[in-house]
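Colleague: my questions are about this predicted structure, shown below with the sequence.
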Amino acid sequence: MSSTRVTQHVNAPRRRVYRAMLDPLAIARWKVPDGMTCFVHTFEPREGGSFRVSLTYDAPDAAGKSSAHTDTYHGRFVELVPDEKIVEEVEFETSDPAMQGVMTITTTLTEINGGTEVAGLHEVLPPGVSVHDNETGWRMALAKLAALVETDL
């Protein structure tokens, strides 16, 4: 199984970044790669709490993992350390064996250079998930997170 690691410097305090990572309205705005739209079905930001999210491709010819144009995933929060760390278990809702399996996403927040370094480690990618595409998607999402917390929240 593969993994990816992505970092992003954010010009905002850890508290603001952490808050955006656990706010379903903020999630719908930032936790989505370019060319997709995010819909948060359920979101319980507490240890043991569950979530379910759909990412739908804007392009009509893009193929989704869960349905024709959509990637839906669900999971739970394994560990929440306020302003420091979020550990999630995530899996796609799919009948494709190459896309199945529980992934772990660990996000750490570190104060650095007057802001926050957001480091995301995405482990145990299913064999059908491209490491390059996963890393690219996370880079896009973290750039949106930075833009959001540096201005709106």
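Modeller: Arrived safely, thanks for sending. Numbers count the residues shown, from 1 in each chain.

Colleague: geometric centre of this structure: which residue is closest?
Modeller: For the chain, Lys31 is the residue whose C-alpha lies nearest the centre (CA atoms, centre = their mean; 5.0 Å).

Colleague: OK, contacts around that residue?
Modeller: Cys38, Val53, Ala141, Lys144, Leu145 (CB atoms under 8 Å, 6 or more residues apart in numbering). Bear in mind the C-beta positions are built from the backbone N, C-alpha and C, glycine included.

Colleague: so what's it scoring on pLDDT?
Modeller: Note for Lys31: predicted pLDDT of 95.

Colleague: against Arg14, how distant is Thr110?
Modeller: Distance from Thr110 to Arg14, counting by CB to CB, to the nearest Å: 8 Å.

Colleague: name the residues contacting each of these two.
Modeller: Thr116.

Colleague: which elements pack onto the longest helix seen in the chain?
Modeller: Scanning the chain for the longest helix, with DSSP state H as the assignment, gives helix 131-151. For helix 131-151, the packing partners by 3 or more CB pairs under 8 Å, 6 or more residues apart in numbering; DSSP states H and E come out as strand 2-10, helix 14-21, helix 24-30, strand 115-125.

Colleague: now those in CSV, please, with extra columns for mean neighbour count and distance to Pro45.
Modeller: Formatted as CSV, those follow (neighbours: other CB atoms under 10 Å; distance: least, CB to CB, whole Å):
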stretch, mean neighbour count, distance to Pro45
strand 2-10, 17, 19
helix 14-21, 20, 8
helix 24-30, 16, 8
strand 115-125, 19, 17
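
Colleague: distance to Gly48 added to these, as JSON lines?
Modeller: Formatted as JSON lines, the helices and strands packed on helix 131-151 follow (distance: least, CB to CB, whole Å):
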{"stretch": "strand 2-10", "distance to Gly48": "24"}
{"stretch": "helix 14-21", "distance to Gly48": "17"}
{"stretch": "helix 24-30", "distance to Gly48": "17"}
{"stretch": "strand 115-125", "distance to Gly48": "20"}
